[in-house]
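[1] sequence and predicted structure below; questions after.
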Amino acid sequence: MGLTRRAILRSAAAAALAASVPACGRRRVEGGFVGPSIDRGHRLRDGPPAGAPATREDVPVVVVGGGVAGLSAAWKLARSGYRDFLLLELEDDVGGTSVAGENAVSAYPWGAHYVPLPTREERALCELLLETGSIRGFDARGRAIGDEGHLVRAPEERVWAAGAWHEGLFPSDVATTEDLRQLERFTRLVDGLAARRDDAGRRAFAIPTARSARDQDLLALDRVSMAAWMAANGFDAPWLLWWVDYACRDDFGARAEATSAWAGLHYFAARIAVPGDEPAPFLTWPQGNGFLVRHLARAAGDRVRTGAVVLAVEGRDDRVVVRYADARRGTSHEVTADRVVCALPRHAARRVVKGLEAERGGFETSAWVVANVTLDGTPASRGFPTAWDNVRADSDSLGYVVATHQADRARLDTVWTWYHALCDAPPAQARRALLDSRWEDWRDRVLADLSPAHEDLERHVARIDVVRWGHAMPRPGPGTIWGPDRERAARPLGRVHFAGADLGGLPLFEEAQWSGVRAAEEVLAVLHRPFTSSL
């Protein structure tokens, strides 16, 4: 059955909640929809306005899009001493899906909320993290050393299974002997992939994707799903299958059967510095990756122009013309540039950049919902205590992270950031259902999802605010990572250069940041401006 607004609510938990808590007896919960402007985004479909623009200006370099990729391009330009640029952003705040919010209780993320500790090879990211004080050097394995104030504090993760919370995200306490045996075999296989190098010394699964090995047997993994690969390798233990499917939903917004096996294995292997090592620890902040966004935005300074709906990017022989609408004033404007960095998701770039109109295929995106739940106290838990990341194994949500987990505070009020990927319907259908849904639907869905693990939840919930991300992240289905579309899309089109996480195929902060830096370096090179490469 297709995904509809009714289907969003139709679950056993929602039914139980509705039956047990009459609407008239429920504590009043404030909140509403916040976040990206759906109407602004859909203006891209209309094309540029007719008539002469209200203003015309010349700027040597224009960056289109203020997500992580666009901000990283601006950051690289600025730290290379080049400041003759303008960044145009659709929304009123920069950051894309790494944007953050704040209330009287805490700052909190509206999307991406952590970065794994990188290795020295991830030069662009390491430079950024050193600037922010998040890391302070490297160990003998080449792994960055995280500053204690930025590393996730213990307890880090827990999972709700068999009526109680358990430490970690794999529920070893309730897993069978066969589950644990297959987990050990899966871990050995992943360790082998993490250790593998090709003849050029490239890792089998690297960050960014562009640095990965090109061995044919590895590339062939992209042509099958993660679920098919698990089956072909004899992995059928229920808890292992749940864990791998959760990883795909969490990082890619897709079930294991809709995720490229190359992408699924990358999730597990790319974070291991040396064979036998534990996966990289996480860096996080109360506002999630909004902490890094704020730093990137400071580098761009007053060259950022928000509320700018870019409707056309047209390359000519010696210049590029960018036309945009001012969302606040309703006026149209034109900027002429030597070079443009288009840091829009590919589905949006195709509507804006002249020359991409006929491009088809690839670059599917996942729809997500993120809710920030403000509580005036910490609800009770059974089993392992509240962690930074909290996941219900019997739910189709992705659980919640605790915004106040990193803070030194005696207060019990807090904010939980709840995540849900709409991955059980085709993406276009999921987006339509998402746009048709009401805030009350998601309020009830969040309460229904959290209540089984927190019996006194409702007496603590004061507010639930919700963001609907129609195009939250690129979705790496089989054939998308090493197919022809992605690598071709990263190449410049005349004087227009491209950046974005989808050009790397994986919805990672690291991919978006590296891509933005790469595009900025392309521009600096053709403009004959000196810079030290971060790639």
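    Perfect, thanks for sending it.

[2] ok, and what's touching the helix or strand hosting residue 217?
    Secondary structure from DSSP states H and E places residue 217 in helix 216-219. Applying Cβ atoms under 8 Å, 6 or more residues apart in numbering, the contact partners of helix 216-219 are 204, 212, 262, 482. Any C-beta I mention is one placed from the backbone N, CA and C, and that applies to glycine too.

[3] show me what counts as buried in the next helix-or-strand element following that helix.
    Note on helix 216-219: by DSSP H and E, the next helix or strand toward the C-terminus is helix 226-232. Within helix 226-232, the residues that qualify as buried are 226-227, 229-230, counting by 16 or more other Cβ atoms under 10 Å.

[4] show me which pair in these is furthest apart.
    Greatest spatial distance in the buried residues of helix 226-232: 227 and 229, 7.3 Å, computed using Cβ to Cβ.

[5] distance between the ends of stretch 279-287?
    End-to-end span of stretch 279-287 (Cα to Cα, to the nearest Å): 23 Å.

[6] what average pLDDT does it get?
    Across stretch 279-287, the average pLDDT comes to 95.

[7] cool, stretch 349-362 as well?
    Stretch 349-362 comes out at a mean pLDDT of 92.

[8] do the same with stretch 188-202
    95.

[9] how about stretch 507-522?
    Rounded mean pLDDT across stretch 507-522 is 98.

[10] how much space between residue 178 and residue 239?
    9 Å (Cβ to Cβ, to the nearest Å).

[11] where does the prediction get shaky in the stretch 201-350 of the chain?
    Counting by pLDDT under 70, the stretch 201-350 of the chain shows no low-confidence range.

[12] mind listing what residue 30 touches?
    Residue 30 sits in contact with 462-464, where contact means Cβ under 8 Å, 6+ apart.

[13] rerun at 6 Å
    Going by Cβ atoms under 6 Å, 6 or more residues apart in numbering, residue 30 touches residue 463.

[14] quick check: beta-bridge partners of it?
    Under DSSP bridges, the beta-bridge partners of residue 30 are residue 463.

[15] residues of the helix holding residue 217 that come out buried?
    For helix 216-219, by 16+ other Cβ under 10 Å, it's residue 218.

[16] then stretch 177-184?
    179, 182-183.

[17] now find how far off-centre that stretch is within its chain.
    30 Å (Cα atoms, centre = their mean, to the nearest Å).

[18] would you map the helices across the stretch 401-535 of the chain?
    427-436, 439-450, 484-489, 509-526 (DSSP state H, counting those that start in this stretch).

[19] would you mind finding the most buried of those helices?
    helix 509-526 (a mean of 25; mean count of other Cβ atoms under 10 Å).

[20] packing partners for that one?
    For helix 509-526, the elements it packs on are helix 68-79, helix 123-132, strand 496-498, judged by 3 or more Cβ pairs under 6 Å, 6 or more residues apart in numbering; DSSP states H and E.

[21] could you list the domains of this protein?
    Here the domain parsing of the chain from automatic domain parsing is 5-34+365-474, 40-98+288-363+477-526, 160-280.

[22] give me the neighbour count for the closest residue to residue 31 other than its chain neighbours.
    Of all residues beyond its chain neighbours, the one nearest residue 31 is residue 464 (4.2 Å), with distances taken as Cβ to Cβ, 6 or more residues apart in numbering. For residue 464, the neighbour count with other Cβ atoms under 10 Å is 24.

[23] check residue 88 too.
    Other residues close to residue 88 by other Cβ under 10 Å number 24.

[24] just residue 351 next, same as before
    Other residues close to residue 351 by other Cβ under 10 Å number 17.

[25] now it: how far from residue 316?
    19 Å.

[26] now do residue 209
    Distance from residue 209 to residue 316, by Cβ to Cβ: 32 Å.

[27] more crowded one of the two?
    Remark: of residue 209 and residue 316, residue 209 carries more neighbours, 26 against 11, as counted by other Cβ under 10 Å.

[28] how about the more buried one, phi and psi?
    Dihedral angles of residue 209 (phi, psi; degrees, to the nearest 10) stand at phi -50, psi -40.

[29] also residue 259?
    phi -110, psi 140.

[30] that one contacts residue 252, correct?
    Yes - with contacts counted by Cβ atoms under 6 Å, residue 259 reaches residue 252, the gap being 5.4 Å.

[31] any chance of the backbone angles for residue 153?
    Residue torsions, per degrees, to the nearest 10, at residue 153 are phi -80, psi 150.

[32] inside helices: which ones of the contacts of helix 216-219?
    Using DSSP state H, the subset of those located in helices is residue 262.

[33] tell me which of the helices and strands packed on helix 509-526 sits most buried.
    Highest mean neighbour count of those: helix 68-79, a mean of 29 (counted as mean count of other Cβ under 10 Å).

[34] run the chain-centre distance for that helix.
    The answer for helix 68-79 is 18 Å, by Cα atoms, centre = their mean.

[35] that one vs helix 509-526, what angle?
    For helix 68-79 against helix 509-526, the angle by axes from the mean of the first three to the mean of the last three Cα atoms, to 10 degrees is 40 degrees.

[36] which residues sit against whichever helix or strand comes after helix 68-79?
    Sequence order places strand 85-88 as the next helix or strand after helix 68-79, per DSSP H and E. Strand 85-88 is contacted from outside by 59, 61-64, 66, 74, 77, 300, 303-305, 308, 310, 324, using Cβ under 6 Å, 6+ apart.

[37] for stretch 527-535, same thing?
    Contacts for stretch 527-535 (Cβ under 6 Å, 6+ apart): 80, 82, 123-124, 127, 517-518, 524.

[38] just to be sure, residue 160 is in a strand?
    Yes - applying DSSP: H, G, I helix; E, B strand; the rest coil, one finds residue 160 inside a strand.

[39] can you tell me how far it is from residue 233?
    28 Å.

[40] neighbour count winner among these two?
    Counting neighbours by other Cβ under 10 Å for residue 160 and for residue 233 shows that residue 160 has the greater number, 23 against 13.

[41] who's the more buried one bridged to?
    residue 165, residue 392.

[42] ok so residue 314 is a strand residue?
    Yes - assessed by three-state DSSP, residue 314 belongs to a strand.

[43] would you agree it is in contact with residue 355?
    No - assessed by Cβ under 6 Å, residue 314 is found out of contact with residue 355, at 8.5 Å.

[44] of the two, who's got more company?
    residue 314 (17 against 13).

[45] could you find the closest non-adjacent residue to the more buried one?
    residue 354 (4.4 Å).

[46] quick check: the gap between that neighbour and residue 183.
    51 Å.

[47] which residues in the stretch 351-500 of the chain form strands?
    365-375, 389-392, 400-402, 414-421, 461-474, 496-498 (DSSP state E, counting those that start in this stretch).

[48] any chance of those in CSV, with mean pLDDT too?
    As requested, the strands of the stretch 351-500 of the chain are exported to CSV (pLDDT from 0 to 100):
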stretch, mean pLDDT
strand 365-375, 97
strand 389-392, 98
strand 400-402, 98
strand 414-421, 98
strand 461-474, 96
strand 496-498, 98
